[in-house]
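J.: Generate coordinates for the sequence data below:
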Amino acid sequence: MTAKTKMEKKGVVWVSTVLYILISLAILSLVLVSVQPVIDKNKDRTVIFQTIDMLKEIDSTIEQVSVSQDTNLGLKLKISRGNLMIDSQDNLISWELRDSAYQYSEENRTVNVTSDARMTAFSKKIGNKWATKIFLNYTNRYDLTYAGKEETKVLSESEYDLFIKNVNTSTSPIEIDFTAG
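T.: Numbers count the residues shown, from 1 in each chain. Below is the predicted model:
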């Protein structure tokens, strides 16, 4: 065998190796592109259900605090996606995710999340994503404030220490005040 044929064989081996690597990468990319929407959908589904659990925990804490004046309880919250809003004007607590790959509820229809209908959800399609909003409604039940003020506070993606206090001064409805640290 001549030196030239040995060099040609080495060249063929390297070209074959590079082609196999490129073909493998192309196949891997195709699989990833086809599986990514399913992964995103499952991640968003998990976030929504974790948020529902978080809202139930907030609701339970509000109920505990409402029993006795000057009761103050703390909660640790982690908002991984979306925004949590404490709306003192309308006495609502809501969470919104505007770019979900998961459709939580029937489109453009409010559905009850809990049996007492205090927690509801609404989903609407925006492009190829879903905007999902979940509400805790305390209208005619509690007067919500944030740091003693009638304002809307938005808590975005982060970890918070939320303090909930019954500051009722024998008024009806009971005044529940929030502060976040």
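
J.: what does the helix or strand of the chain with the lowest mean pLDDT contact?
T.: Lowest mean confidence among the helices and strands of the chain (mean pLDDT, DSSP states H and E): strand 174-180, at a mean of 83. Strand 174-180 has contacts (CB atoms under 8 Å, 6 or more residues apart in numbering) with 62, 65-66, 77, 86, 138, 141-148, 153, 155, 160-169. Any C-beta I mention is one placed from the backbone N, CA and C, and that applies to glycine too.

J.: Next, the angle strand 174-180 makes with the helix or strand hosting Leu22.
T.: Assigned by DSSP states H and E, Leu22 belongs to helix 3-66. Angular relation of helix 3-66 and strand 174-180 on a 0 to 180 degree scale: 150 degrees, by axes from the mean of the first three to the mean of the last three CA atoms, to 10 degrees.

J.: Please look at Met119 and Phe135 and confirm they touch.
T.: Yes: taking CB atoms under 8 Å as the definition, Met119 is a contact partner of Phe135 at 6.8 Å.

J.: circling back: list buried residues within the contacts of strand 174-180.
T.: 62, 65-66, 77, 86, 138, 142-146, 153, 155, 160, 162-168 (16 or more other CB atoms under 10 Å).

J.: Give me the subset of those residues lying in strands.
T.: Members of the buried ones among the contacts of strand 174-180 lying in strands (criterion: DSSP state E): 77, 86, 142-146, 153, 155, 160, 162-166.

J.: Any regions of this structure where pLDDT drops low?
T.: Within the chain, the stretches with pLDDT under 70 are 1-11, 169-172.

J.: try 80
T.: For the chain, the stretches with pLDDT under 80 are 1-13, 168-173, 181.

J.: residue contacts, the nearest residue in space to Glu57 that is not next to it in sequence?
T.: The shortest distance from Glu57 to any non-neighbouring residue, by CB to CB, 6 or more residues apart in numbering, is to Leu75 (6.5 Å). By CB under 8 Å, 6+ apart, the contact list for Leu75 reads 57-58, 61, 161-164.

J.: Quick check: Leu75 is in a helix.
T.: No: counting by DSSP: H, G, I helix; E, B strand; the rest coil, Leu75 is not found in a helix; it is strand.

J.: Any idea what it is bridged to?
T.: Leu162 (DSSP bridges).
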